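[1] Dropping a prediction and its sequence here:
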Number of protein chains: 2
Amino acid sequence: MSVAQHPTSTTELFAPLQPPTRYLFGPGPTMVDPRVYQALSKPIVGHLDPYFIQVMQDVQELLKAPYGITAGSTLVISGTGSAGMEAAVANFVEPGAKLAIFANGYFSDRLTEMAKRQGANVVRFEKAWGETFTDAEVAEFIHREKPQVVGYVQAETSTGALQSGNAICAAAHEAGALVIGDCVTSLGGVPVEFDKTGIDIAYSCSQKGLSCPPGLSPLAISPRAMDWLRARTSPVRSWYLDLKLIHDYSTVSHRYHHTAPISMFFALREALLVIAEEGIENRWERHRRCHKLFVREIEAMGLGMHVPAAHRIPTLNTVLVPNGVDEPKVRKRLLEGPGIEIAGGFGPLAGKIFRVGLMGPLATEENVQFFLVEFKKALNAEGYAG
Amino acid sequence: MSVAQHPTSTTELFAPLQPPTRYLFGPGPTMVDPRVYQALSKPIVGHLDPYFIQVMQDVQELLKAPYGITAGSTLVISGTGSAGMEAAVANFVEPGAKLAIFANGYFSDRLTEMAKRQGANVVRFEKAWGETFTDAEVAEFIHREKPQVVGYVQAETSTGALQSGNAICAAAHEAGALVIGDCVTSLGGVPVEFDKTGIDIAYSCSQKGLSCPPGLSPLAISPRAMDWLRARTSPVRSWYLDLKLIHDYSTVSHRYHHTAPISMFFALREALLVIAEEGIENRWERHRRCHKLFVREIEAMGLGMHVPAAHRIPTLNTVLVPNGVDEPKVRKRLLEGPGIEIAGGFGPLAGKIFRVGLMGPLATEENVQFFLVEFKKALNAEGYAG
């Protein structure tokens, strides 16, 4: 065979793939265990292969402990966390239905935006970014609004605030409403307590507490929500995210729906095995311990946290930017120097907070200390005297 | 640290991940070059990291030759091929708009279903699965129906038929309509000729002609379609698939939209480099040559093809099941013996055809012969005397 010359010499234009080494101390993606990368690169099988069907079932089973779900179903969406959010809204909020949202950060705003696009009647209880809702407040709001669905964000990535769902779910169920809980930043690093809290539909992502690369969105669905979905007669506007069809493919008939991202499922299975082998309770405790160490050291540096102590997400720390320090410059210095990625605030918190994730493989005392040394250096270089 | 025992011993319940070796001769996913698996397992960087932004841009650039697009835009959806189909429909078919679909297989039916769920007024020109539409037929249909959007499937995976888009695009543009072209099975293995044909919106997948694992959907959009989208005032019902937002993230401002599947983008970049290094014309020719060899040998075995010679997809061969042979049994024998995956027909073609993919690394004379030997053995074992 004669090989014709390609018009442009591709090897000249595109360097070999060689990503720089990064320490992912941001809100996600987080670091990934080498075992997970090995699983990711195993030669694939077909999406209807008996082996792959078993992998999907293993993933569903392994998700139960992190979610804290027993009787309900777990399911994985072939998209990122935002696809999971859209699946929750598209399947459980019918056009015209009333959705009550507890809005205290970027992701409750995103939920609002998605719900409006799906034709929902959205009512919002708004608080400043970083604040949380008390039991009395949520009960009053839900009893007054009588929504069909309630949405809240358990761990708000944009602010670092953790919202208890107990009172929300209790009030919602009294009002006959289903509850959608955003668990994108909590799953795998923080107890979700799906059953205990009474959440009906939860969605998350693969790249935060589960420490897998991004690309999949694990869902949990209560028996009550599944019954509701089975009884729904209006078509779900999204075919790709139609949970009845996806549930059927992954759990019941294994009839073709879409070609699932095989490699990502291999990786997620391995990430969940890593978690199961550590033990989910041990993992949560490890994250809590690192969080406490982090806060103690941050305060010893004269810095403050954005969220009150009782409502902090252990895996995502929001540190107040000290007066006179230019937040993007600190991040740039960390990325270009030691290769550390953290995030800044956005929206009303732009320039005001650093967002520091301590998740998965990075949640060790040694890594916390490594980070703090570099963080202090970068802050000092940008004029912070503490 | 004391390590508590996990309630169930996970290592006993879940065997280490060890996928069986499969030769993927089905309609996709196809085999993947080892270089692509290496890229897939490179340690990730963040989704807003300058390195990742560059990877996204490289991917967009490298998609241009397979698509045959110059002035328009390429874009990648963080979902599978079906997510790309839904993105095309949700963004370019407004609720109430008239969509004319050329329906001759499963994927035009899926397009119909998605469009109906998005509130479109769908009109269909239906033919039997495996047939194609003539220039005169498409022109007459479009001139009569005067749709706002036209949809057709270039390479219909369920039947093996290749549909020319030239007359469809010419008539659609005369009528002022945009054209959506399903290129899921064509991209990378068959010339799409996006510009030359006049397609306005094309979507595909990563796991067929591009020989990457599944999980991403590359799109191509003409300048005319991009102008139309920019002028659209009604909100796109899907936030996750909103192409204005995705285009902005990946190409313009790089502002956060969702956390892109980093590893999958690494893999797709490598798969596209493999293609660029071979040369896209060489690649197409290699697939054509293997297809011709395959058909010649299949006919020498006394078997027939489902689609007339002039309209066959070179990368996806549909072979008629000989009388008296039980199609699923042949497939089971191939999978459980040599580990060869092929597909059967479904819908009106259930039990009537085998679907044999010859794509990417498998499209060599040697592999075709390897397949044919095993295929003949399996057919003979199931009673075929040829």
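    Ah, there it is. Residues are numbered from 1 along each chain as shown, chains lettered A, B, ... in the order given.
[2] hey, let's count contacts and neighbours off CA atoms from now on
    Noted.
[3] Please identify the buried residues of whatever helix or strand A:Gln54 lives in?
    Take DSSP states H and E as the rule and A:Gln54 turns out to sit in helix A:50-62. If you call a residue buried by 16 or more other CA atoms under 10 Å in any protein chain shown, then helix A:50-62 has these buried ones: A:51-53, A:55-62.
[4] Check the residues you listed one by one and keep those near chain B.
    Residues of these in contact with chain B (CA under 8 Å from any CA of the partner chain): A:51, A:58.
[5] number of nearby residues for A:Gly324?
    If you count neighbours by other CA atoms under 10 Å in any protein chain shown, A:Gly324 ends up with 9.
[6] next structured bit after the helix holding A:Gln54?
    Helix A:50-62 is succeeded, C-terminally, by helix A:64-67 (DSSP H and E).
[7] ok, and does that next one reach over to chain B?
    No - Helix A:64-67 stays out of contact with chain B when judged by CA under 8 Å from any CA, the minimum separation being 10.3 Å.
[8] and what of stretch A:34-46?
    Yes - using CA under 8 Å from any CA, stretch A:34-46 comes into contact with chain B via A:37-46.
[9] okay if I get the buried residues of helix A:50-62 as TSV plus pLDDT?
    Compiled in TSV, those are given as follows (pLDDT from 0 to 100):
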residue	pLDDT
A:Tyr51	97
A:Phe52	97
A:Ile53	96
A:Val55	97
A:Met56	97
A:Gln57	97
A:Asp58	97
A:Val59	98
A:Gln60	98
A:Glu61	97
A:Leu62	98
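[10] on that earlier part again, next step: the residues of stretch A:34-46 next to chain B restricted to helices.
    Counting by DSSP state H, the part of these found in helices is A:37-40.
[11] Most widely separated two among the residues of stretch A:34-46 next to chain B?
    Greatest spatial distance among these (CA to CA): A:Tyr37 and A:Gly46, at 19.6 Å.
[12] Show me what stretch A:366-379 is in contact with.
    With contacts defined as CA atoms under 8 Å, 6 or more residues apart in numbering or on different chains, stretch A:366-379 is touched by A:290, A:293-294, A:297-298, A:325, A:330, A:333-334, A:338, A:358, A:362.
[13] Just name the closest of those to A:Pro218, please.
    Distance to A:Pro218 across the contacts of stretch A:366-379 (CA to CA) is lowest for A:Leu358, with 20.7 Å.
[14] What residues does the closest residue in space to the closest one that isn't next to it in sequence make contact with?
    Among residues not flanking A:Leu358 along the chain, A:Thr315 sits closest, at 5.0 Å (CA to CA, 6 or more residues apart in numbering or on different chains). A:Thr315 sits next to A:185-186, A:189-190, A:209, A:287-288, A:291, A:357-359 when contact means CA under 8 Å, 6+ apart.
[15] Among those, name the ones in helices.
    Secondary structure assignment by DSSP H places A:287-288, A:291 of the contacts of A:Thr315 in helices.
[16] Check the contacts of stretch A:366-379 for burial and list the buried ones.
    Buried, going by 16+ other CA under 10 Å: A:290, A:294, A:298, A:325, A:330, A:333-334, A:358, A:362, out of the contacts of stretch A:366-379.
[17] Could you dump those into CSV and include secondary structure and pLDDT?
    Output for the buried ones among the contacts of stretch A:366-379, formatted as CSV (DSSP: H, G, I helix; E, B strand; the rest coil; pLDDT from 0 to 100):
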residue, secondary structure, pLDDT
A:Cys290, helix, 98
A:Phe294, helix, 98
A:Ile298, helix, 98
A:Val325, coil, 98
A:Val330, helix, 98
A:Arg333, helix, 98
A:Leu334, helix, 98
A:Leu358, coil, 98
A:Leu362, helix, 96
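[18] Just name the closest of these to A:Ser204, please.
    Taking CA to CA as the measure, A:Leu358 is the one of the buried ones among the contacts of stretch A:366-379 closest to A:Ser204, at 17.2 Å.
[19] Against chain B, how distant is that closest one?
    According to CA to the nearest CA, to the nearest Å, A:Leu358 and chain B sit 15 Å apart.
[20] Surely that residue and A:Leu316 touch.
    Yes - between A:Leu358 and A:Leu316 there is a contact under CA atoms under 8 Å: 6.3 Å.
[21] just to revisit the earlier point, filter the contacts of A:Thr315 down to the buried ones, PyMOL style.
    A single PyMOL command is used to select the members of these judged buried by 16+ other CA under 10 Å:
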select buried, chain A and resi 185+186+189+190+209+287+288+291+357+358+359
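[22] related to what we said a few turns ago, now the contacts of stretch A:366-379 as a markdown table including distance to A:Pro19?
    Converted to a markdown table, these look like this (distance: CA to CA, whole Å):
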| residue | distance to A:Pro19 |
| --- | --- |
| A:Cys290 | 28 |
| A:Leu293 | 31 |
| A:Phe294 | 28 |
| A:Glu297 | 31 |
| A:Ile298 | 30 |
| A:Val325 | 30 |
| A:Val330 | 22 |
| A:Arg333 | 18 |
| A:Leu334 | 17 |
| A:Pro338 | 14 |
| A:Leu358 | 22 |
| A:Leu362 | 19 |
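[23] and which of these is nearest B:Leu272?
    Using CA to CA, these come closest to B:Leu272 at A:Pro338, 31.3 Å.
[24] In contact with the closest one, which residues are there?
    Contacts of A:Pro338 by CA under 8 Å, 6+ apart are A:Glu374.
[25] Can you name the residues that contact the residue most central in space within chain A?
    Centroid-nearest residue in chain A, with CA atoms, centre = their mean: A:Val184, separated by 1.9 Å. Residues near A:Val184 by CA under 8 Å, 6+ apart: A:81, A:155, A:203-205, A:208.
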